[in-house]
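S.K.: here is the input, now give the coordinates:
(one chain, ligands or ions: 1)
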Amino acid sequence: MKEINIEELEKRFQEKIDADIRIEPKDWMPDAYRKTLIRQISQHAHSEIVGMLPEGNWITRAPNLRRKAVLLAKVQDEAGHGLYLYSAAETLGADREETIDDLHSGKAKYSSIFNYPTLTWADMGTIGWLVDGAAIMNQVPLCRCSYGPYARAMVRVCKEESFHQRQGFEIVTKLAQGTPEQKAMAQDSLNRFWWPALMMFGPSDADSQHSEQSMKWKIKRNSNDELRQMFVDVTVPQAELVGLTIPDPDLKWNEEKGSYDFGEINWDEFWQVVSGNGICNKERVEARRKAKENGSWVREAANAYAAKKAQRKAS
Ligand code: BYC
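M.R.: Numbering: from 1, shown residues only. Okay, here's the model as predicted:
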């Protein structure tokens, strides 16, 4: 049989990508493509799981039974998203335990946004509205990602995120139309979460080390700055609708561009948070590490049960 060299394989791989043919787990792929996907998908999975913590903080203090049931369902959805994503990373050969250990040791990243505290009930609204809103903006294009299992996972994730965004906006709307204290609480929450939400899209295109290659491979379909701009453009009218003010004195509609100009992001803060020095980084990782430790007896029992069952089947 004729041997195919690596350049030829790479050429065929890129042709498939260019023709929008999905890459599936058993297809040949360059090592760097596999590595990039494992990095992005596992970080994405970690974000979903760590993302449960700031909201979990408010489940016991939701203002009524309906709010509590909805928040509980939302947080459970995030757990589901984490599980699809860890499974998608496993189709690339990643080991789930190792991946999770990388989160616990601080080696693996997760979204910067979850290192900010949730101080008031209004934060549940703002997180749904802005954080899930930003997640949707980023994840809808990922439904067309070149890697099949990731793209398919994103379809369901986006449907659920869309419910999350609406529940958040509903909370914010109610608060903004409530008493002056409630409106002030919503405004304060927007003031604290607006800039961190913009940071979720990652560094500016000029500083994004992975974007160019990821876009060639159609892992990413849009650049960080493109998605950030789209997010600003859809969110500003929503804030206006409920009578809240975006905390950016430089925010201005640009008629020529057909989009908003906005102020400079504090990139120093972003990199500090990403490198582990945000307000809640230590607390978040510690909570995940403890959860793993506390659940070890359940895993041991489940493994012992599975081993016993297999033994009985074999005998
Ligand atoms: N936070 O070259 P770049 C959610 C890192 S939450 C922390 O542009 P890339 C949700 C980046 O990893 C949203 N780190 O990277 C859950 C890289 O470092 P490494 C989660 C960030 O990958 C619960 C370095 O900076 N969504 O869904 O091309 C409740 C250079 O960046 C961040 C996803 O993960 C950040 N914000 O682009 C509610 C979506 N930004 O890895 C909501 C999938 C950048 O070289 N991920 N970094 O050490 C992506 O689309 C891309 O990975 C990113 C970054 C746009 C985030």
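S.K.: quick check, pLDDT for the residue of the chain found nearest the ligand.
M.R.: The minimum distance from the chain to the ligand, using C-beta to the nearest ligand atom, falls at residue 51 (2.7 Å). To be clear about C-beta, it is placed using only N, CA and C from the backbone, and glycine gets the same treatment. For residue 51, the model assigns a pLDDT of 97.
S.K.: with residue 213 instead?
M.R.: 97.
S.K.: go on, residue 261?
M.R.: So residue 261 comes in at 98 (pLDDT).
S.K.: contact partners for the residue of the chain closest to the ligand?
M.R.: 78, 110-111, 113-114, 131 (C-beta atoms under 8 Å, 6 or more residues apart in numbering).
S.K.: how far out from the middle of the chain is stretch 213-220?
M.R.: Distance, stretch centre to chain centre, for stretch 213-220: 18 Å (C-alpha atoms, centre = their mean, to the nearest Å).
S.K.: which residues touch that stretch?
M.R.: Contacts to stretch 213-220, defined as C-beta under 8 Å, 6+ apart, come from residues 14, 17, 20, 32-33, 36-37, 40, 141-142, 144-147, 150, 210-211, 221, 223.
S.K.: quick one, strands of the stretch 201-315 of the chain?
M.R.: 252-254, 259-261 (DSSP state E, counting those that start in this stretch).
S.K.: what about the ones you listed, which gets the closest to residue 123?
M.R.: Evaluated with C-beta to C-beta, these place strand 259-261 nearest to residue 123, the distance being 24.1 Å.
S.K.: name the residues that touch the closest one?
M.R.: Contacts with strand 259-261, where a contact means C-beta under 8 Å, 6+ apart, come from 229, 232-233, 236, 250-254.
S.K.: how about it: buried residues?
M.R.: Neighbour counts using 16 or more other C-beta atoms under 10 Å place residue 260 of strand 259-261 among the buried residues.
S.K.: what do you get for stretch 265-276?
M.R.: By 16+ other C-beta under 10 Å, the buried positions in stretch 265-276 come out as 265, 270, 273-274.
S.K.: tell me the mean pLDDT over it?
M.R.: Here stretch 265-276 scores 97 as its mean pLDDT.
S.K.: need the distance between the two termini of it.
M.R.: 19 Å (C-alpha to C-alpha, to the nearest Å).
S.K.: and if you look at stretch 248-256?
M.R.: 20 Å.
S.K.: other residues contacting that stretch?
M.R.: Applying C-beta under 8 Å, 6+ apart, the external contacts of stretch 248-256 come out as 194, 232, 236, 259-264.
S.K.: so which of the contacts of stretch 213-220 are in helices?
M.R.: 14, 17, 32-33, 36-37, 40, 150, 211 (DSSP state H).
S.K.: poorly predicted segments of the chain, please.
M.R.: For the chain, applying pLDDT under 70 flags the ranges 1-2.
S.K.: quick check: residues of it near the ligand?
M.R.: Counting by C-beta under 6 Å from any ligand atom, the chain comes close to the ligand at 39-40, 43-44, 47-48, 51, 78, 109, 111-112, 131-132, 135, 138, 199-203, 208-211, 214, 220, 224, 274.
S.K.: in a markdown table: the contacts of strand 259-261, plus neighbour count and distance to residue 280.
M.R.: Formatted as a markdown table, the contacts of strand 259-261 follow (neighbours: other C-beta atoms under 10 Å; distance: C-beta to C-beta, whole Å):
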| residue | neighbour count | distance to residue 280 |
| --- | --- | --- |
| 229 | 20 | 28 |
| 232 | 20 | 25 |
| 233 | 16 | 29 |
| 236 | 17 | 27 |
| 250 | 9 | 28 |
| 251 | 16 | 27 |
| 252 | 11 | 33 |
| 253 | 11 | 35 |
| 254 | 10 | 35 |
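S.K.: quick one: these as CSV, columns for distance to residue 24 too.
M.R.: Formatted as CSV, the contacts of strand 259-261 follow (distance: C-beta to C-beta, whole Å):
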residue, distance to residue 24
229, 33
232, 36
233, 35
236, 40
250, 46
251, 44
252, 46
253, 44
254, 43
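S.K.: what subset of the ones in helices among the contacts of stretch 213-220 is buried?
M.R.: Using 16+ other C-beta under 10 Å as the burial test, the ones in helices among the contacts of stretch 213-220 include 17, 33, 36-37, 40, 150, 211 as buried.
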